[in-house]
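Asks: the sequence isn't on hand, but the structure is:
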C-alpha cells in the first residue's frame, strides 16, 4: 500500500462533501498511529452502507465492507476472532442510530474494544435525502415533503447512558482536530465513538452552521454527569471534542482473558485428546 | 424382538426433577451395559405445567423411545390422566397417592414422605429412581451408589428418602421386571452435545447464539464445557448480531458457528446472504420446532426443510445437511465446518428438537473427523477474490503485508466495489464455478445418502425422523430399505436416482410433505404413500411400524 494511503478506486462523493474531511482526517490518523507503534497491518476496518461506506474503497487497509447497520457487530466479531487486531468501523447516522442502533448500544454496554466513527450528516444522502434519526424536526426530504415530524435523537447522550467509555464529537471541517481524536479513540482500550458532524452539500448543507457554532472543548469532563450535560448543550454553540473518557474492563478480556482464538487455536491432536477425555468422563459419571 | 425392550416413564410438574430422573434412569440402564434412548417432553414453562421423560432400553442398539411404558411413575394429577393408559400389557403404574386419588395402579404416598425433607418438591424425582430400583430388583447398595453419583446436593436426605420409597414399593409391587445385562455400551449423549463435540473436533473456535429452543442446549453445553475444549461462547444482543459477529470472526480465520431456530434464522437472512457474497465460511445450526411464527417452542417438527434450502437473497452456493441420528450429528457437524471452509460459503446443519434434546448411546470415532482447513494463500501479491479453476480463492488473514478486502457489494478480484458489467458477470461465474466444485466434491468424497436395511420397498425419510423409522423397522421386523438423504442442498440426485423404480413411502414430520415435494421435483419419484405427523411429538415407533406395515406389507 502507498504511503499516501490512496487506492486506484475513483472517488464518487459529491464535490465539497463532508466525507472528504473525514477521509483526510482518517489518513492522517493512520500515519500518526504508525508513529505510535500501531502498524496499519494490524488496523482492520469496516463500514456500513451509505455515502460514508465508500471510504472502505478509498483506503488500502484490510477489512470487511459490511451491511447497513451491521458493521458494529462485524468489528466486534473481528476483535473476538483475533484480539491482537485494532478494529475500527465507519458508519452513517442511518447505520449507527437507525438500522443498527441495537449493535452500537450493546457494543457500548459491554465495552467492546472497537472504534466507531459515525459520519453524521442528518440525512439518508445515498438514497436521495430522506430524513434520518438525527435529522432536525422540520427537515424536508422526499419521504416527508412537509418536513420531518420527529425530534432528532441525541446519540451521544444515549451512548453515555449505555456505558460508552469514550465519547467524542468531531466536525468534518476541522480535520486536524478530528484526526487527533481518531488516534486517541483507536488507542483507547474499550468502546470509543466519534460522532462526526458531516455536511452533505446536496441534501443537508450545514457548513455555515457548523463553522459558526462548533467550539472545541479541550478536555474530557471530570464526571459522567458533566459529560451528559455537555453532549446536550446546544446553547448558541455546538461543542466538539472528547467529552468522556474512562477506563473500564473490556469485553473480550472479560470473556476470554488472554486467550486469542486464532493465535491459540488448539491443534487437532489436542482437541481430540480433550474430546476423548470428555467422553470418558461422561461415560464414568 | 420387542420383548427385550423396557420403557420407563416418569411424569410430573415442571420443577419436580422428572428430566433429571430420566437421565439418571438412562445411566442406571447403561450401567447394566444396556442401550438407551431418552426423550423429554416439556411445555414452555419454568414451574408447573406437565413434564415427562421416557427412557426405552434394550440390549441391542435402540433408536427411539416408545410411548407405552413397562414402568410408569406419576407424580401429578394431570400426569395420571394423560398417561394412565400409556402402559404395555402387564405394565406397572406407580403414582403419588397423596396427590392423585385413583385406584388404578399402585399408590405410594410419595409427597407425604417428601414433606419431611428440605426441598420437598425437587426431591420427588428421586422417588422415581427408588421405584425403578425396587421394580427391577436392584439391591439397596446399587440404589445408594446411583443416588450418590447422580444427586450431589443433600446426599443424606436423598438417600433416606430413597430408602423409604424403596422399602415401601418393594413390599407392594405385583411383579419385578428382569433386565438382562447387555454386552457393551457407550456414553449417553444428547444431540446438542454431539453437535458441539463434532464442531469442536473439527476445530471450532467461536460459537455465537441468542437463546432459542431447541438450539439453546448447544449454547449451554459449549458455555459450560467449551473453555477447556478451546471454544469461546458468546451471547450477543440478537440473532442479527450473532450472525454478523460470526462472519467478522471468520474474517480473522476463526472457525465460527451460530445456533438458532426458525424465527432467529429469519433474522439472519441478510447476514447469510452477506456470507454468500463475501464468501465467509460460517456454519449455521438450525433447530426446528413447530411453526409458523412462535409456534410450539419446546416440541419437534420438520417444517423448515424447504425454507432452509434457499435462505438469503441472491445466488450463491448454499450447503444444507441434516443428521439422521445423534451419532451422525457428531460427524456431520464436523463435516459441515470442513465444507464451509473448503468452499468458503455458509452451511446449515438442519435438525430438530427431537435430536438436540433427546439422548442415546453413541460410539464416536474421533479420527473420522478432519480439521476444517481452508485453502491458504502462500506467497506473492494477494487478491481476495482471485479467479481459480475451482472458483475457490485462497484465504489470507490479517495482520498481513498485503491488503485483504471482503466486500458485501459486488466486487472485483481485489475486493473493491464494482458496477462494471464485465466484472459482475465474472464474479457471478466464479460463484457458479464454486457451486459446481462443491457438487463434484460431494459426489466424489462425501456420503450424501444413508441406506439402511434391504427390501424392495423404499422408505424415504430425513433428519431425526430417520431414528423413528429405523426403530419402527426393527420393532416390527419389516422388510424395506430406508433411504435418508443426509445432504439436502445441493440435493444428491446422483445417489437417489437409482431408487426411482422402487415402491416408495415418505415419512416426515410436517403437514405439507416437504421431502416428498423435493423427491418428486428432483428425481421424479411418486410415492405410493405418505406418512406424516405434525402434532409436535416425535413418532411412536410402535404406531409407525403399524402404519408402515399397512403400506409395504
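Replies: Done, it's in. Fair warning: this is a prediction, and the values are worked out from it, not measured in the lab.
Asks: how about the residues of the stretch 101-250 of chain A that lie near chain B?
Replies: Counting by CB under 8 Å from any CB of the partner chain, the stretch 101-250 of chain A comes close to chain B at A:102, A:103, A:105, A:106. Heads up, the C-betas are built off the backbone N, CA and C, glycines and all.
Asks: what's the last one in contact with, if anything?
Replies: Residues in contact with residue A:106, defined by CB atoms under 8 Å, 6 or more residues apart in numbering or on different chains, are A:162, B:236, B:237, B:241.
Asks: can you name the residue of chain A nearest chain B?
Replies: Nearest residue of chain A to chain B, counting by CB to the nearest CB: residue A:77, 2.4 Å away.
Asks: need the contact list for that residue.
Replies: Contacts of residue A:77 (CB under 8 Å, 6+ apart): B:208, B:244, B:245, B:246, B:247, B:248, B:249, B:250, B:251, B:256.
Asks: the first one pairs with what?
Replies: Residues found in beta-bridge contact with residue B:208 (criterion: DSSP bridges) are residue B:234, residue B:258.
Asks: so it is in contact with residue B:255, correct?
Replies: No - Residue B:208 is beyond contact range of residue B:255, at 11.9 Å (criterion: CB atoms under 8 Å).
Asks: quick check: phi and psi on the residue of chain A closest to chain B?
Replies: The phi and psi values for residue A:77, taken as degrees, to the nearest 10, are phi -70, psi -40.
Asks: which non-adjacent residue is nearest it?
Replies: Excluding the flanking residues, the one nearest residue A:77 by CB to CB, 6 or more residues apart in numbering or on different chains is residue B:248, at 2.4 Å.
Asks: surely that neighbour and residue A:67 touch.
Replies: No - if you go by CB under 8 Å, residue B:248 and residue A:67 don't touch, sitting 11.4 Å apart.
Asks: worst-scoring helix or strand of chain A, pLDDT-wise?
Replies: helix A:268-284 (a mean of 87; mean pLDDT, DSSP states H and E).
Asks: ok, and what's touching that helix?
Replies: The list of residues contacting helix A:268-284 from outside it, by CB under 8 Å, 6+ apart, reads A:266, B:186-189, B:197, B:200-201, B:203, B:225, B:228-230, B:364, B:366-367, B:370-371.
Asks: do that again at 7 Å, thanks
Replies: B:187, B:189, B:197, B:200-201, B:203, B:225, B:228-230, B:364, B:366, B:371 (CB atoms under 7 Å, 6 or more residues apart in numbering or on different chains).
Asks: among these, the buried ones, what's the PyMOL command?
Replies: Here is the PyMOL command that selects the buried residues among the contacts of helix A:268-284 (16 or more other CB atoms under 10 Å in any protein chain shown):
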select buried, chain B and resi 187+189+197+200+201+203+225+229+230+364+366+371
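Asks: secondary structure, pLDDT and distance to residue B:433 for the contacts of helix A:268-284 - can I get that in TSV?
Replies: Compiled in TSV, those are given as follows (DSSP: H, G, I helix; E, B strand; the rest coil; pLDDT from 0 to 100; distance: CB to CB, whole Å):
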residue	secondary structure	pLDDT	distance to residue B:433
B:187	coil	94	43
B:189	strand	97	39
B:197	helix	97	34
B:200	helix	96	32
B:201	helix	96	30
B:203	coil	96	26
B:225	helix	89	40
B:228	helix	88	41
B:229	helix	91	36
B:230	coil	92	34
B:364	coil	97	35
B:366	helix	97	34
B:371	coil	92	25
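Asks: quick check: the gap between the residue nearest the centre of chain B and residue B:148.
Replies: Per CA atoms, centre = their mean, the C-alpha nearest to the average position across chain B is that of residue B:355, at 2.4 Å. Distance check for residue B:355 against residue B:148: by CB to CB, to the nearest Å, it reads 31 Å.
Asks: repeat for residue B:225
Replies: 23 Å.
Asks: check the offset of stretch B:351-364 from the chain's centre.
Replies: 5 Å (CA atoms, centre = their mean, to the nearest Å).
Asks: what's the first-to-last distance across it?
Replies: From its first residue to its last, stretch B:351-364 covers 19 Å (CA to CA, to the nearest Å).
Asks: tell me which residues in it are buried?
Replies: Of all the residues in stretch B:351-364, those buried under the rule 16+ other CB under 10 Å are B:351-362, B:364.
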